[in-house]
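**Student:** here is my input; please provide its structure:
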Amino acid sequence: MPSTAPSAGSPEWRPRLHLTAPQGWINDPNGLVRVGDTWHLQYQFEWPRRWGHATSRDLFHWRHEPVALEPDALGDCWSGGTVHDVDNRSGLFAAGSGGLVSVFTSQDESAGQRISLAASSDGGRTWVKYAGNPVLRRAGRDCRDPKVFWDAVRQRWAMVMTEGRHLTFFISANLREWRETGRFDPELGPGEDGVECPDLFPLRVADRDCEKWIFSYSYLSGENFTPDGRGFGVCAQRYLVGEYDGERFQAEAGQRKGLPLGHGPDEYAAIVWSRDTDPLGRTLLIGWLNHWGYAKRIPTGSWQGCLTLPRELTLHEESPGEWRLRFAPARELWQWPHSVRAMAGGRLAAGETRALGAVTCGAIVVTLKPSPGAVAEIGLFSDGSHRTVVGYSAERGVLWFDRRESGSPAIHDRFPLKHEVFVAPDRNGQVALLVVVDRSTVEVFAQDGRAYLSAQTFPPSGAEAVSVRAVDGGLEVAHLEVRIFS
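**Tutor:** Next comes the predicted model:
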């Protein structure tokens, strides 16, 4: 069934462009792999945890397949990854054949966490767990979120996983026997208790004949899991740029703490489809569009939570020795049937608003030039009494998302927030924004993807109007169009 099926009780909030579970809970994306012309995405699903499975030809229209991994005697099935073992290096398939191998976390309250395998010889339709599970156990209880990739240079499998406050590297010839090669201890700040969901992948530098390695991870605070459900701690992601020698990752000088992998309040556990799986050679990223502080309180009835848009990653040397990721929606988004309303630009005086019509699933593409001291606001999901706002202050050089007046249900006392990120104007003083809205999600790509912001909002029924407004000064609108997905 497609992920766009309506949900009884809250059909206006279920996204159309984003993957949701057919019913129930969804969190971490897992098992990202492409075989032939089919994208595979597995995900954390329901309670107790199991792996859901969805397939797509275009990254936006998803078909839900049978549940891939169910809990067993070793425990629930927590996060991990999937690889295409083309040459049967694992020995899990018949001679002369290969298949998909999922490397996942077996979670048991008593025994702790261990690493297990499951294999599929029919393209992911059915899975058989390895009889020798678990293939890796550690002295501590935290041993989870394995991300495995094929190291083509050294002709072996490599893995990184989390162990509490540090990340550990392993290598293997067959996916069944693993040797530790090193560890990385991220610099954690106040209130940051641990790390999760690591990824490690090479990325070519734009306009340069070289590549760097990207090492990403999510980090969180135990405050999110207070017994009363009122905690609200850290829940975010970072990445580092550096080199991988087949055994360890070495960050560039001065990058020990890392850079934000996304800038909004609602994204976690993002991992990639590697460039080796994509015929265009892209590296594509997808994450969980939520925050552990209120994830279990999302007011959406029979379904709960969604994944982000798939995004293309590019790496740029912004200044000598300063490497930064940029983000863009996977170009397949624009293959979804849509209409385009090109709208007149021109000047907005202070206090003037330009109505852009109703948009509940679409994109606003706008280039703004605020006068010094001016504030620009893009009002979303408005009904005159409520609105969600994407704003920009020329004086402060700050982009923000604000859902304090959104009319969203009172699911948590920290849900009505204003979240800011620094975004510099270009040399002409302009700020280019792509704002994608999808019923209950907002994703903003600023300045050619230099900043990416993702957030949820749950507007009341009928709140559909979109507008651009100049506040505290004039505003030049250099480009403006609205795209409506049908």
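
**Student:** could you give the mean pLDDT of stretch 143-155?
**Tutor:** For stretch 143-155, mean pLDDT is 97.

**Student:** heads up, I number from 405, so please use that
**Tutor:** Fine by me, first position is 405 from now on; the one you just mentioned is stretch 547-559.

**Student:** any idea how far it is from the chain center?
**Tutor:** 20 Å (C-alpha atoms, centre = their mean, to the nearest Å).

**Student:** what does that stretch contact?
**Tutor:** 432, 482-485, 487, 507-509, 511, 516-519, 540-541, 561-567, 575, 579, 600-605, 650, 675, 678, 680 (C-beta atoms under 8 Å, 6 or more residues apart in numbering). In short, each C-beta sits where N, CA and C put it, glycine included.

**Student:** for that stretch, buried residues please.
**Tutor:** 547, 548, 549, 550, 551, 552, 553, 554 (16 or more other C-beta atoms under 10 Å).

**Student:** residues in a beta bridge with the fifth one, which ones?
**Tutor:** When you say that, I think you mean residue 551. Assessed by DSSP bridges, residue 551 has beta-bridge partners residue 564.

**Student:** and the residue nearest to residue 827 when sequence neighbours are not counted, how far from residue 774?
**Tutor:** Closest residue to residue 827 apart from its sequence neighbours, by C-beta to C-beta, 6 or more residues apart in numbering: residue 803 at 4.2 Å. Separation of residue 803 from residue 774 (C-beta to C-beta, to the nearest Å) stands at 12 Å.

**Student:** intersection of neighbour lists for those two?
**Tutor:** 796, 835.

**Student:** who's in contact with stretch 485-499?
**Tutor:** In contact with stretch 485-499 (C-beta under 8 Å, 6+ apart) are residues 434-437, 439, 444, 446, 500-508, 521, 523, 525, 534, 550-554, 561, 577-580, 675, 681.

**Student:** what is the nearest of the buried residues of stretch 547-559 to residue 615?
**Tutor:** For the buried residues of stretch 547-559, the closest approach to residue 615 (C-beta to C-beta) belongs to residue 553, at 14.4 Å.

**Student:** give me the element the closest one is part of.
**Tutor:** Residue 553 is part of strand 548-555 when elements are defined by DSSP states H and E.

**Student:** just to be sure, residue 870 is in a strand?
**Tutor:** Yes - counting by DSSP: H, G, I helix; E, B strand; the rest coil, residue 870 is found in a strand.

**Student:** from memory it sits against residue 758, does it?
**Tutor:** No - when contacts are counted by C-beta atoms under 8 Å, residue 870 is not listed as touching residue 758 (9.9 Å).

**Student:** between the two, who's got more neighbours?
**Tutor:** residue 870 (23 against 17; other C-beta atoms under 10 Å).

**Student:** show me which positions of the helix or strand the residue nearest to residue 827 falls within end up buried.
**Tutor:** Using DSSP H and E, residue 803 falls within strand 802-806. Using 16+ other C-beta under 10 Å as the test for burial, strand 802-806 gives 803, 804, 805, 806.
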